[in-house]
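Undergrad: I'd like to go over a predicted model; first the sequence, then the structure.
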Amino acid sequence: MAPNSRKGEARKAFLMRISPDVLAQVERLAAAELRSVNAQVEVLLREAIARRGGASGTSPKESDD
């Protein structure tokens, strides 16, 4: 299990279409923060959900996937 991941957390794989420009930006962010692209996408999604007031009671968790 990766460090910082929650014990017993199920992971769901899915395909995502993304523009090359957005992917390049995510890759740069991931490299700067020493994360995989997958982990960076999850962090960005969690932060966006938290900003919109979703998922109350949960905080954005960082993952090293």
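TA: Arrived safely. Numbers count the residues shown, from 1 in each chain.

Undergrad: Could you report the distance from residue 32 to residue 26?
TA: Residue 32 sits 11 Å away from residue 26, going by C-beta to C-beta, to the nearest Å. For glycine as for every other residue, the C-beta is placed from the backbone atoms N, C-alpha and C.

Undergrad: who's more crowded, those two?
TA: For the pair residue 32 and residue 26, the greater number of neighbours falls to residue 26 (17 against 9), based on other C-beta atoms under 10 Å.

Undergrad: Helices of the protein, start to end?
TA: Taking DSSP state H, the helices of the chain run over residues 20-32, 37-51.

Undergrad: Output the shortest one as CSV, restricted to C-alpha atoms.
TA: As requested, the backbone C-alpha atoms of helix 20-32 are provided in CSV (Å, rounded to 0.1, in the frame of the first residue of the first chain):
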residue,chain,number,x,y,z
PRO,A,20,-2.4,17.6,-24.5
ASP,A,21,-2.0,21.1,-23.1
VAL,A,22,-3.8,20.3,-19.9
LEU,A,23,-1.9,17.0,-19.5
ALA,A,24,1.4,18.8,-20.0
GLN,A,25,0.4,21.2,-17.2
VAL,A,26,-0.6,18.4,-14.9
GLU,A,27,2.7,16.6,-15.7
ARG,A,28,4.7,19.7,-14.8
LEU,A,29,2.8,20.1,-11.5
ALA,A,30,3.3,16.5,-10.7
ALA,A,31,7.0,16.7,-11.3
ALA,A,32,7.4,19.8,-9.2
